[in-house]
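1. Predicted model, plus sequence, below.
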Amino acid sequence: MSKSHIASFWSLGQARENNIHLSEDFPIAVKHVTVTDPMQEDPPSYHPYFEVAMWLRGTGDTNIASRSVPQRPYDIFISGSSQPHWGTGGTYPKEAIVVYFLPNILCDWGSPDESLTILDRFSAEQPIERHIVRPDAALRKHLVAAFRQMTIEFDSFRFGRRLKLQTMLISLLVDLIRWEIKKGLFVKTTCAKHEDWAQVILAIRYMRDHFSQGIYAADIANAAGVISESRLRELFRETLKMPWTQYLQSYRIHRAILLLKEPNRNITEIAYESGFESLSHFNRTFKSVTGASPSQYLRQAAKKAKK
């Protein structure tokens, strides 16, 4: 697919916002997915979180932008924020466990160099092959158990659930990167510093706390302790590989989708609650992200729920 075709793909809005909501209070979600036929395949999706997943059954292709790579059982998929991806073809049923998490988790654990190394693994620009990890038999057995245990813990709602999940996730990622380093597969590519990530995390927190209000670059820069608006733009390019405005737009639409699922909600009210200054702007942005208008999205969701 050429670059012009990729642009057309995006303008048609075929990449969907993944319906997962994370917060500072609970920064991890675990999703156990089973797909039994091609009609159940999700369309291209993206979300403002980091993602690590393990395929358990089935085969197919994982597509990222203009390229695809074969994926088979026990492969690990790694993705940073707002990286559109989707699966196609192969054999069914397909089964996978997907873990979504906020990047600030990685800043809160270990030394600055260790946390930066893990952040780099998810956020650095890299060829599609680097998004797929094929562990050997010994690591594979360990990771299958770890992913399954995270699913159990996420569904348990027991005391210490958040802390337990964070501990399990960090342990899983450390084991994975240790294995890559041992095999000579890990390549450190980041130009960002730990201090840069710390400021980006503060900027993200500000946007999440104030997404329903008017947000300006100067406000974000001040909240994050960044010296200028131009430096704020540089930080997002160096860390998350996107403008801060794109992250904010993705998050606002994401929150709007959650509000749309609440009963008896008015679309105009949701538009303003999500931080949009007009209904027309909300409708345009919503369609560019989801491929449908808010009302169409609701009808499609209702139709899917009846199946």
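-> Done, it's in.
2. any idea which element the residue nearest to residue 119 when sequence neighbours are not counted lies in?
-> With sequence-adjacent residues excluded and distances taken as Cβ to Cβ, 6 or more residues apart in numbering, residue 119 is closest to residue 106, at 5.1 Å. To be clear about C-beta, it is placed using only N, CA and C from the backbone, and glycine gets the same treatment. Element membership for residue 106, per DSSP states H and E: helix 104-107.
3. Toward the C-terminus, what is the element adjacent to that helix?
-> Taking DSSP H and E, what comes next after helix 104-107 is helix 112-123.
4. tell me which residues in that following helix are buried?
-> For helix 112-123, burial by neighbour count (16 or more other Cβ atoms under 10 Å) applies to 115-123.
5. for stretch 230-245, same thing?
-> Residues 232-233, 235-236, 238-240, 242, 244 are the ones in stretch 230-245 that count as buried (16+ other Cβ under 10 Å).
6. so where do the helices sit in the stretch 101-250 of the chain?
-> Assigned by DSSP state H, counting those that start in this stretch, the helices in the stretch 101-250 of the chain fall at 104-107, 112-123, 137-156, 161-182, 194-210, 217-224, 229-239, 244-260.
7. And the average pLDDT for the first one is what?
-> This means helix 104-107. Average pLDDT, helix 104-107: 81.
8. which residues touch that helix?
-> Here helix 104-107 makes contact (Cβ atoms under 8 Å, 6 or more residues apart in numbering) with 24, 27-28, 50, 115, 118-119, 166, 169-170, 173, 194, 197-198, 201, 204-205.
9. where does the residue at minimal distance from the centre of the chain land on pLDDT?
-> By Cα atoms, centre = their mean, the chain has its centre lying nearest to residue 49, at 3.1 Å. Here, the pLDDT recorded for residue 49 equals 86.
10. Distance of it relative to residue 216?
-> From residue 49 over to residue 216 the distance is 24 Å, taken as Cβ to Cβ, to the nearest Å.
11. Narrow the contacts of helix 104-107 to those that are buried.
-> Among those, those buried by neighbour count (16+ other Cβ under 10 Å) are 27-28, 50, 115, 118-119, 166, 169-170, 173, 194, 197-198, 201, 204.
12. Let me know the closest of those to residue 277.
-> Of all the buried ones among the contacts of helix 104-107, residue 277 sits closest to residue 204, with 21.7 Å by Cβ to Cβ.
13. That closest one and residue 250 touch, don't they?
-> No - Residue 204 lies out of contact with residue 250 (Cβ atoms under 8 Å); the separation is 11.3 Å.
14. okay, now the nearest residue to residue 213 once chain neighbours are set aside: neighbour count?
-> Here the nearest residue to residue 213 in space, its sequence neighbours aside, is residue 275; by Cβ to Cβ, 6+ apart that works out to 6.5 Å. Here the number of neighbours of residue 275 (other Cβ atoms under 10 Å) works out to 21.
15. How about the one 5 residues further on?
-> The number of residues packed around residue 280, counting by other Cβ under 10 Å, is 10.
16. how much space between it and residue 211?
-> Distance of residue 280 to residue 211, given as Cβ to Cβ: 19 Å.
17. try residue 49
-> Per Cβ to Cβ, residue 49 is found 15 Å from residue 211.
18. so the residue lying farthest from the centre of the chain, which of the three states?
-> Ranked by distance from the centre of the chain (Cα atoms, centre = their mean), the top residue is residue 264, with 28.8 Å. Classification of residue 264 using DSSP: H, G, I helix; E, B strand; the rest coil returns coil.
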